[in-house]
Structure formats: structure tokens, C-alpha cells
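*Asks:* Okay, sequence plus prediction incoming.
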Amino acid sequence: MRVLAFVLVLLLLEGTVDPTRGWLIVLVVLTGVAAFRLRPWLFGVRPALDVRMASFVLAVMLLADIVDPTKNWLIALAAVTGVAAFMPEFVSLDGRDGLSMRWPHRRAWRWDREFWR
């Protein structure tokens, strides 16, 4: 979803797709699914307090006509959506740092002989 939103923003920025109401609704839906981490098998919502939420807020602001879809706002949205697509936890307010991988931490690994028996 995040990569699709990024591609749509690039198409809006290039001028291939006209920033009409329908395309902005699609953009809000794509960024909203990514920001609230909706999963079809879970009925809970886990909002992401990171760059994904920023791209969702910018998309909602464009849809609600708070800001005009000019070139400057589309460049800002492309930058934020690009970071949200490829480095979503780079700036995170969830308490997790974005630089840690999903692998176990090295200090959690046990390198003593008991582990290998």
C-alpha cells in the first residue's frame, strides 16, 4: 500500500494524473491503510506514530482543501510518502527507534557453550 501511494504521488507530481477529488480519495485510502495498519484478519487498529501518519495527514489536508494541490505541496507529499514507503520507522514516536532491525538484538543472543548443546 505504501509503495502504491508513493507511485500515485509521483504520478500526481508529474502531471500524468490530474489531482481531482477521486485520485485524492484513493491517496487518502492508501495512506490511511498504511498509517493505521489495518489488516483484514484482525479487527483491531494499531495506528503508527511515524512518517506513515504524516503522509496520511498531508493527504487528508489535500483532500479537505486545507492546502491547494500545488507543486510545492505535492513535492512535500512525495518526500514524506517516499520515506514512509521505504523507511517507515525512521522517525517514530512509538518508543521504538527506527534503526533497529526486526532481528533479535545481539545482547539477547547467547554465545556461551550452554546455548550450543
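*Replies:* Received the coordinates, thanks. If you're wondering where the values come from, they're calculated on a predicted model, not measured in any experiment.
*Asks:* Low-confidence regions, the protein specifically.
*Replies:* The chain contains residues with pLDDT under 70 at 39-46, 91-117.
*Asks:* Need the residue closest to the centroid of it.
*Replies:* Geometric centre of the chain, nearest residue: Arg52, 2.8 Å, by CA atoms, centre = their mean.
*Asks:* so that one sits right up against Phe90, yeah?
*Replies:* No: in this structure Arg52 lies outside contact range of Phe90 using CB atoms under 8 Å: 10.4 Å. Any C-beta I mention is one placed from the backbone N, CA and C, and that applies to glycine too.
*Asks:* Leaving out chain neighbours, which residue sits closest to Val33?
*Replies:* Nearest non-adjacent residue to Val33, counting by CB to CB, 6 or more residues apart in numbering: Met1, 4.9 Å away.
*Asks:* and the one you found, how many neighbours?
*Replies:* 16 (other CB atoms under 10 Å).
*Asks:* Ala79 too?
*Replies:* With other CB under 10 Å as criterion, Ala79 counts 14.
*Asks:* Please apply the same query to the one 10 residues further on.
*Replies:* Residues near Glu89, counting by other CB under 10 Å, number 18.
*Asks:* got the phi/psi numbers for it?
*Replies:* Main-chain dihedrals, Glu89, degrees, to the nearest 10: phi -100, psi 30.
*Asks:* Would you mind measuring from it to Leu12?
*Replies:* 25 Å (CB to CB, to the nearest Å).
*Asks:* what's the answer for Asp50, then?
*Replies:* 22 Å.
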